[in-house]
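> What follows is a predicted protein model with its sequence.
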Amino acid sequence: MHARDGAVEMEVIPDVVLAIHGGAGTIVRENMSEEMDAHYRAALTEALEAGYSALMGGGDALDAVEAAIRPMEDSPLFNSGRGAVLNDEGEVELDASIMGGASGEAGAIAGARTPRHPITLARRVMTQSPHVLFAAEGADRFAENQEIETMEASWFVTPRRAKQLERMQARDREGTADLAGQPVDEKFGTVGCVALDADGHLAAGTSTGGMARKAFGRVGDSPLIGAGTWAADATCAVSCTGHGEFFIRLAIAHQLHARMLHGRQPLPLAAREAVLEDLPALGGSGGCVALGADGVLVAPFTTAGMYRGWVTRDGEITVRIHGDERR
């Protein structure tokens, strides 16, 4: 897991047109059955195929990002859409954002409760309103006005997430709750995508249910442009996952862009210093997928694992989960 200089290894892959992540955390082999491992890899592959098909069908980078994220929002495996974690009151609060690197336009939602596909609603905010971010009831009203597909609250609450909340609340009642000591994958998790289209345009998108058992109204980095999502054709497209408060304080997604644009750093160096050095130094954890304008992908993460995958220009798909799969 570590390079010879003691630094954490980081995947650097050339000629990539699309990459996704499904959350970073304490994802270790001994805690995952072969069956569950296969389910995650199949879900990640499905998302990659959807995004790549959008690109090959003539879609742009924004089309590909939305296409790749939607299947993950429908999967109960990931903390987004139907698989979203529950807040302390047993409800979902859905966050998402999307940004195009060509125009710098962006759209986002925070604390929504009804959209089946939060990433689609975020894109509508970008294209069908003069605003960037709608929150809570405002986001749900906008979804209704845009005739976005919505679902009842019961559709989002999966048995897995209900049991997770019960377990966390029980620990609190027993006096054993310790946010710092809980497994990272119980607290966080996000899905995201970055893409590069045939015209050289980049895009990034992120979707999440936020932090498990979060306080009512808490908003993390995922819907905040510059913190959890960023795209600029001149530099890179970034989607983050992890402890959102730290990604906000460091403006991680934008920091990669700024290091490249103003510091003239190559993407791998920018990602290493921002994600693998600055983030843990402040006390945070997590990772990202970041795709450069030259097609170079980096996938740094500080945790034991990160659900991730990518597609190269010729259509070759790679899916990885564990830290020891890094090459």
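Good, I have the coordinates. Residues are numbered from 1 along each chain as shown.

> just the helices in the protein please.
Ranges of helices in the chain, per DSSP state H, are 34-56, 61-74, 118-128, 136-145, 153-156, 159-173, 184-187, 244-250, 252-261, 267-271, 279-282.

> What is the neighbour count of the residue nearest to Gln255 when sequence neighbours are not counted?
Distance criterion CB to CB, 6 or more residues apart in numbering; nearest residue to Gln255, sequence neighbours excluded, is Ala274 at 4.7 Å. (Each C-beta comes from the backbone N, C-alpha and C, glycine too.) If you count neighbours by other CB atoms under 10 Å, Ala274 ends up with 25.

> Who are the contact partners of Ala274?
Counting by CB atoms under 8 Å, 6 or more residues apart in numbering, Ala274 touches 250, 252, 255-256, 259.

> Distance to Tyr307, neighbour count and pLDDT added to those residues, as TSV?
Formatted as TSV, the contacts of Ala274 follow (distance: CB to CB, whole Å; neighbours: other CB atoms under 10 Å; pLDDT from 0 to 100):
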residue	distance to Tyr307	neighbour count	pLDDT
Leu250	22	20	98
Ile252	18	29	98
Gln255	23	23	98
Leu256	20	29	98
Arg259	25	20	98
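
> and which of these is nearest Gly220?
Nearest to Gly220 among those, counting by CB to CB, is Ile252 at 12.0 Å.

> Let me see the contact set for Val101.
I think there's a mix-up here, since residue 101 is Gly and not Val. Gly101 makes contacts with 61, 201-204, 231-234, 237, 293, as judged by CB under 8 Å, 6+ apart.

> In terms of pLDDT, where does it sit?
pLDDT, Gly101: 98.

> Which residue comes closest to it once chain neighbours are left out?
Leaving aside its sequence neighbours, Gly101 sits nearest to Leu202 (CB to CB, 6+ apart; 3.4 Å).

> Run a quick neighbour tally on the one you found.
For Leu202, the count of nearby residues is 27 (other CB under 10 Å).

> Narrow the contacts of Gly101 to those that are buried.
Among these, the ones that count as buried by 16 or more other CB atoms under 10 Å are 61, 201-204, 231-233, 237, 293.

> Surely His257 touches Trp230?
Yes: between His257 and Trp230 there is a contact under CB atoms under 8 Å: 5.4 Å.

> who has more neighbours, the two?
Using other CB under 10 Å, the more surrounded residue of His257 and Trp230 is Trp230, with 33 against 23.

> which ones are touching the closest residue to that one other than its chain neighbours?
Closest residue in space to Trp230, ignoring its immediate chain neighbours: Ala253 at 3.7 Å, by CB to CB, 6+ apart. Ala253 makes contacts with 204, 221, 225-230, 238-240, 247, 288, as judged by CB under 8 Å, 6+ apart.

> what about the nearest residue to Asp314 once chain neighbours are set aside, how many neighbours?
With CB to CB, 6+ apart as the criterion, Asp314 has its nearest non-adjacent residue at 7.8 Å, and that residue is Asp15. Using other CB under 10 Å, Asp15 has 15 other residues around it.

> Show the model's pLDDT score for Glu186.
49.

> pretty sure Leu44 is in contact with Gly22, am I right?
Yes: using CB under 8 Å, Leu44 is in contact with Gly22, at 6.0 Å.

> list residues touching both of those two?
Listed as contacting both Leu44 and Gly22 by CB under 8 Å, 6+ apart are 307-308.

> can you pull the contacts of the residue nearest to Gly101?
Taking CB under 8 Å, 6+ apart, we find Leu202 in contact with 61, 100-102, 194-196, 231-233, 236-237, 291, 293.

> All good on my end, thank you.
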